[in-house]
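[1] Prediction below, plus the sequence it came from.
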Amino acid sequence: MMKHHCQRPEAPRRIVILGARGFIGGAINARLAAEGMSTVPLGRAELDLTATDAASRLKSILQPADVLVVISAVAPAKTVPMLIGNLHLLEPVCEAISRLALSQVVYVSSDAVYADDSNPVTENSYVAPSTIHGMMHSAREMMLRSSTAAPLAILRPTLAYGPEDPHNGYGPNRFRRQAEKGEPINVFGEGEEQRDHVFVGDVAGIASLSIAHRSEGIINVATGNSISFRQVADMVAAQYDGRVRVVSIPRPGPIPHLLHRFFDITGCYKSFPQFSFTPLRAGLKLSMQPVPR
């Protein structure tokens, strides 16, 4: 359960968002703006974290009492160079915030930090990443912890989906793209692996509540409902009035070691009892709709 420094929701004076042009960052920025919060959205065009003067530029942007949301990353990190590159991206951020009296720092991490055999996953589950992506986020969490005295909220979303997702990861996003092209939806084997899928708008909703309460601690952003990829594919296909088939194809490799992952989201409901997650079927429908500009 997170510690709230503001028991009643209170908008901060300003929220600076690093990575605001990305999939999750864009959703968070849109949610905060829609709720009337003042945001400073920063993408690479506004602040290149690989530049030699990135730390000094970020210092000049940040003001006392700001909330800083950190989402900037090259993801998913699959190789050692990507791991090292993502750690370097965070170096100027850590340098900039080490001497600033910020109201809060929010980091969007990943459930990939947890050990594969953690079932069900809670915020107290053992952190032992088995992938480079999980190792990257675990290291970045530690970097931020050691660099700021401000309340640090770490959000660990599971597999996020939604409109305008730039990735083509196996699951709702890829299935929707295949269906939109009139292609069969391909599932590996029988599609029996069970996962939790969270709508990107819900990640933004939890981020907004964390900011409004100046929350501190770790929270998993998951629905608590894990279903098989075959069920997800069938849900997507059903939205196309029988025009799309679901086809089983051979796996490109062995059955994944992590066949199923389940979440106990008691901590989320205790932290934000007023929040409810978007059901997968409803989220898939929302994903088919164009994003307002």
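    Perfect, I can see it now. Residues are numbered from 1 along each chain as shown.
[2] C-alpha only now, for contacts and for neighbours.
    OK.
[3] Now do the helices in this protein.
    Counting by DSSP state H, the segments of the chain that form helices are 23-34, 54-61, 80-97, 132-145, 172-180, 200-212, 229-238, 266-271, 280-287.
[4] From residue 133, how far out is residue 81?
    Counting by Cα to Cα, to the nearest Å, the gap from residue 81 to residue 133 is 11 Å.
[5] With residue 277 instead?
    For residue 277, the distance to residue 133 under the criterion Cα to Cα works out to 25 Å.
[6] likewise residue 123?
    18 Å.
[7] So which of these two has more stuff around it?
    For the pair residue 123 and residue 133, the greater number of neighbours falls to residue 133 (24 against 21), based on other Cα atoms under 10 Å.
[8] Let me see the contact set for the more buried one.
    Shown here is residue 133, whose contacts under the criterion Cα atoms under 8 Å, 6 or more residues apart in numbering are 75-78, 83, 112.
[9] Give me the mean pLDDT for stretch 195-211.
    Mean pLDDT, stretch 195-211: 97.
[10] And the contacts of that stretch?
    With contact meaning Cα under 8 Å, 6+ apart, stretch 195-211 is reached by 9, 11-12, 24, 27-29, 31-32, 67, 104, 106, 153, 155, 157-162, 216, 221-229, 260-263, 272, 275, 277-278, 280, 283.
[11] now residue 168: how far from residue 280?
    As for residue 168, its distance to residue 280 is 18 Å (criterion: Cα to Cα).
[12] Before we move on, what's the pLDDT of the residue positioned nearest the centre of the chain?
    In the chain, the centroid-proximal residue (Cα atoms, centre = their mean) is residue 157; its distance is 4.5 Å. We note a pLDDT of 97 for residue 157 in this prediction.
[13] ok, now how distant is the residue nearest to it when sequence neighbours are not counted from residue 76?
    Using Cα to Cα, 6 or more residues apart in numbering and skipping residues adjacent in sequence, the residue nearest residue 157 is residue 221, 4.2 Å away. When distances are taken as Cα to Cα, residue 221 and residue 76 turn out to be 18 Å apart.
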